[in-house]
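1. following is a predicted model, sequence given first.
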2 protein chains.
Amino acid sequence: MKFLHTSDWHLGRQFHNVSLLDDQKVVLNQITAYLQDNKVDAVVIAGDIYDRSVPPTAAIELMNQFVETVCGELGVPIILIPGNHDGAERLGFASKQMKGAGLHILSNFADMVTPVIISSDIGPVAFYGMPYNDPELVRHHFKQSVSSHDDAHKLLCDEIKTHFNAEHKNVLISHCFVDGAIESESERPLSIGGSDRVSHEHFVDFDYVALGHLHQPQKKGEEYIRYSGSLMKYSFSEQHQKKGMTLVEFDEQGFRSATHIDLVAPHQMRIIEGELDTIIEQGKTDPNNEDYLLVRLMDKHAILNPMDKLRAVYPNVLHLEKPGMLIGMEQEMASAKLARSETDMFRDFFLEAQNSELSEEQDKAISDIIKQLSQQ
Amino acid sequence: MKFLHTSDWHLGRQFHNVSLLDDQKVVLNQITAYLQDNKVDAVVIAGDIYDRSVPPTAAIELMNQFVETVCGELGVPIILIPGNHDGAERLGFASKQMKGAGLHILSNFADMVTPVIISSDIGPVAFYGMPYNDPELVRHHFKQSVSSHDDAHKLLCDEIKTHFNAEHKNVLISHCFVDGAIESESERPLSIGGSDRVSHEHFVDFDYVALGHLHQPQKKGEEYIRYSGSLMKYSFSEQHQKKGMTLVEFDEQGFRSATHIDLVAPHQMRIIEGELDTIIEQGKTDPNNEDYLLVRLMDKHAILNPMDKLRAVYPNVLHLEKPGMLIGMEQEMASAKLARSETDMFRDFFLEAQNSELSEEQDKAISDIIKQLSQQ
């Protein structure tokens, strides 16, 4: 029994005012190509399908194409939950009417305790989806004391476990921040000050836990408690992360293995650091010159239209930093300041404060005092 | 064979800053109650399900409940098209996955020529849904000369007719403005200057045409070419319209009858005209004092806080007009003007223009001239 675990697609996301939709389409096509070549029993998406609760029409159409290909043409069921970026009610419209066609959108607490049962060579596997919820919503719905994400997850996991069937293997799908796992810059915090962390201990009774929210692929606590990571890089600081999806395999005993399968966006996100001339020279032969770039110019002198010059060889420079120039400027400002003597500065101050210039005697007195002080 | 034809629900609409969602829910419950008591083969909604392409979450949830009751619990299929207020792509997400459960959202040209076939006691009936489209979209899609809504409808109807099956009765669902039909104030024009009108002649080959867009129930051209009208009143000028849905009956020959079935919103929309004291007196015993009201105050003198006084008896006064007071004010202004003589007004003008007062001689000269003129 095999299924794909993926998450954090953020369809419709903008990156430095560039739409990533075409890139996302290419990566989704890599997933459908994999499904065409390899038999899997289900595709799990652990939240943040869209980047916003009201996604742009083009993002909805892209998701619709994916669904039609995977559920419709390939006959592979999709099981998904809304994440903190998605609008659960909006995503959940007519979800009961979709189930028959293999599209399972688990968007509320009733859906959470009604697992999707996938029959397989190792018997039935139950997929429980925990839609993303603020602790307040959980407290309100279950009328129990819940003050943190950790409380909420404990309660929801206990609730789910009362529905366990001894004949089934159990998969949990959740969108949360497991304590101790590694953050990336492109995630939107669930709450402020660390109260969003949940213990992986709540999850140990499941055979596999398909997590979403954190954008770096990783396991936490156990081999079978995993983040697949995001569909692609969504910040320059993720330049060295390997994005992909996780192929999960079960045998009669339950979890057997989790394998990372690379997904490669057509434009990589990279940071290039150096002086303008060097970067331009290297760009002329760079085979990946269309990558999305953050350029850190280390030149110390001002440059006219550096963006235009860079884009002549690297058309997708999306952000420019000039730490070198800043250092240059600071030094210039510092030396400009030193060029004026303390006496000059006092003369300026006196003019400003008294609206008249120092008399000759006053000027001499001040000069003498400053001279004495600087000799001390 | 029977089906219900309804349209122009505008779920989520605001009326003078009041949400109509609770009222809409009551009316939708009247539809589901009818379906519980009476067997029909399908429910047709001819566009404008929502009031906006991005409807509020609560409107989506209301629609979801309706779908779950009708398709889910009652097992009656729903066939709908987007109108000019709906977002076709947004509404059409995963529509292929819903069909098996009896929810048919026909949101594009491919759906349009793939009729929903409903089997019935008189044989199969084909429902063709023509999603609302601007002429530009039709021209672009079919690469043919189309400059008006009429051109577009002719082309789309001809396109549909090539798919007719002689064994089937044929129903068309369309959202358009049939030439000669009666407008209401609450419709949003499809285009400016009358170019939105389409001839009913394109429709005569269908057995029934379920129209949406115009909010007044009416037939046009033939008994079987009909607007069901909107779910409820959406402007005060519709106060005398009877809102409802249309029950359509077919026999072996095709169209047999169309019957209007009343739908009654909990708050009616009414215009009350009169003087404040009279209206307040009548409100004390008005059994429908919670209706949504436009009040036209005919009093000719200024009244302090008339809205507060009215709402003490009519809590849902949503709009206040004071044509009486305007007449009073105009008269006052006119008499105020007359109280100043022409000589006074010239004195004001001279002061303004010359920044000095008239001398005694000047004043006398002007007074004499005005006296002479007024005696002519």
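-> Nice, I can see it. Residues are numbered from 1 along each chain as shown, chains lettered A, B, ... in the order given.
2. so which bits of stretch A:281-288 are buried?
-> residue A:283 (16 or more other Cβ atoms under 10 Å in any protein chain shown). The way it works is simple: take the backbone N, C-alpha and C, and place the C-beta from them, glycine included.
3. could you tell me the end-to-end distance of that stretch?
-> Terminal residues of stretch A:281-288 lie 14 Å apart, using Cα to Cα, to the nearest Å.
4. avg pLDDT for that stretch?
-> What stretch A:281-288 shows for mean pLDDT is 95.
5. same question for stretch A:57-67.
-> 97.
6. how far is it from where the chain is centred?
-> 20 Å (Cα atoms, centre = their mean, to the nearest Å).
7. send the alpha carbons of that stretch over as CSV?
-> Provided in CSV are the C-alpha atoms of stretch A:57-67 (Å, rounded to 0.1, in the frame of the first residue of the first chain):
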residue,chain,number,x,y,z
THR,A,57,-9.6,32.4,-10.3
ALA,A,58,-6.5,31.1,-12.1
ALA,A,59,-5.4,29.2,-9.0
ILE,A,60,-8.8,27.6,-8.7
GLU,A,61,-8.6,26.6,-12.4
LEU,A,62,-5.2,25.0,-11.9
MET,A,63,-6.4,23.0,-8.9
ASN,A,64,-9.5,22.0,-10.9
GLN,A,65,-7.2,20.6,-13.7
PHE,A,66,-5.2,18.7,-11.2
VAL,A,67,-8.3,17.2,-9.7
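8. ignoring the adjacent residues along the chain, who's closest to the residue in the stretch 201-350 of chain A positioned nearest to chain B?
-> Nearest residue of the stretch 201-350 of chain A to chain B, counting by Cβ to the nearest Cβ: residue A:231, 18.8 Å away. Setting aside the residues directly before and after it, residue A:231 is nearest to residue A:9 in space (Cβ to Cβ, 6 or more residues apart in numbering or on different chains), at 4.5 Å.
9. how about the one you found, what does it touch?
-> A:24, A:28, A:45, A:48, A:49, A:50, A:230, A:231 (Cβ atoms under 8 Å, 6 or more residues apart in numbering or on different chains).
10. from those residues, which single one is nearest residue B:198?
-> Within the contacts of residue A:9, the smallest distance to residue B:198 is 36.6 Å, found for residue A:50 (Cβ to Cβ).
11. the closest one against residue A:84, yeah?
-> No - counting by Cβ atoms under 8 Å, residue A:50 stays clear of residue A:84, with 11.3 Å between them.
12. so, low pLDDT: which residues of chain A?
-> A:193-194, A:326-340, A:376 (pLDDT under 70).
13. report the central residue of it.
-> For chain A, the residue nearest the mean C-alpha position is residue A:186 (3.2 Å; Cα atoms, centre = their mean).
14. roughly how far apart are that one and residue A:175?
-> For residue A:186, the distance to residue A:175 equals 15 Å [Cβ to Cβ, to the nearest Å].
15. next one: residue A:224
-> Using Cβ to Cβ, which is the criterion applied here, residue A:224 is 17 Å from residue A:175.
16. so residue A:155 sits in a strand?
-> No - counting by DSSP: H, G, I helix; E, B strand; the rest coil, residue A:155 is not found in a strand; it is helix.
17. doesn't the residue nearest to residue A:231 fall inside a helix?
-> No - looking at residue A:9 with three-state DSSP, it is coil, so not inside a helix.
18. ok so, going back, which of the contacts of residue A:9 lies closest to residue B:357?
-> residue A:50 (74.0 Å).
19. just give the nearest non-adjacent residue to the closest one, would you?
-> Leaving aside its sequence neighbours, residue A:50 sits nearest to residue A:11 (Cβ to Cβ, 6+ apart; 5.1 Å).
20. for that neighbour, grab the count of nearby residues.
-> Neighbours of residue A:11 under the rule other Cβ atoms under 10 Å in any protein chain shown: 25.
21. quick check: it vs residue A:83, distance?
-> Residue A:11 is 12 Å from residue A:83, where distance means Cβ to Cβ.
22. mutual contacts of these two, please.
-> Residues touching both residue A:11 and residue A:83 by Cβ under 8 Å, 6+ apart: residue A:49.
23. what ranges do the helices span in the stretch 51-200 of chain A?
-> A:57-67, A:88-91, A:95-98, A:109-112, A:135-142, A:149-161 (DSSP state H, counting those that start in this stretch).
24. my guess is residue A:309 contacts residue A:299. True?
-> No - between residue A:309 and residue A:299 there is no contact under Cβ under 8 Å: 11.2 Å.
25. thought the residue nearest to residue A:50 was touching residue A:55?
-> Yes - between residue A:11 and residue A:55 there is a contact at 6.4 Å, judged by Cβ under 8 Å.
26. can you pull the residues of chain A lying near chain B?
-> A:54, A:57, A:60-61, A:63-64, A:67-68, A:71-72, A:87, A:89-90, A:92-94, A:96-103 (Cβ under 8 Å from any Cβ of the partner chain).
27. residues touching residue A:211, list them.
-> Going by Cβ under 8 Å, 6+ apart, residue A:211 touches A:7, A:46, A:174, A:175, A:176, A:178, A:220, A:225, A:226, A:227, A:228.
28. same thing but 7 Å
-> A:46, A:174, A:176, A:178, A:225, A:226, A:227 (Cβ atoms under 7 Å, 6 or more residues apart in numbering or on different chains).
29. I figured residue A:318 hits residue A:16, correct?
-> Yes - taking Cβ atoms under 7 Å as the definition, residue A:318 is a contact partner of residue A:16 at 3.8 Å.
30. give me the more crowded residue out of the two.
-> The neighbour count for residue A:318 versus residue A:16, taken as other Cβ under 10 Å, is higher for residue A:318 (17 against 12).
31. got a list of what the more buried one touches?
-> A:15, A:16, A:18, A:292, A:293, A:294.
32. quick one: which of these is most hemmed in?
-> Busiest of the contacts of residue A:318 [other Cβ under 10 Å] is residue A:293, holding 28 neighbours.
33. and that residue, that one's in a strand?
-> Yes - assessed by three-state DSSP, residue A:293 belongs to a strand.
34. got the domain boundaries for chain A?
-> Structural domains annotated on chain A: A:2-262, A:269-327, A:340-375, as defined by automatic domain parsing.
35. among those domains, which is nearest residue B:77?
-> Smallest distance to residue B:77 across those (Cβ to Cβ): 10.7 Å, for domain A:2-262.
36. now do the end-to-end distance for the closest one.
-> 17 Å.
37. contacting residues for residue A:229?
-> A:215, A:216, A:217, A:241, A:243, A:244 are the contacts of residue A:229 under Cβ under 7 Å, 6+ apart.
38. switch the cut-off to 8 Å
-> The neighbourhood of residue A:229, defined by Cβ under 8 Å, 6+ apart, consists of A:7, A:8, A:214, A:215, A:216, A:217, A:218, A:241, A:243, A:244.
39. residue A:145 versus the residue lying closest to it once chain neighbours are set aside, what's the distance?
-> Using Cβ to Cβ, 6+ apart and skipping the chain neighbours, the partner closest in space to residue A:229 is residue A:217 (3.5 Å). Going from residue A:217 to residue A:145 by Cβ to Cβ gives 35 Å.
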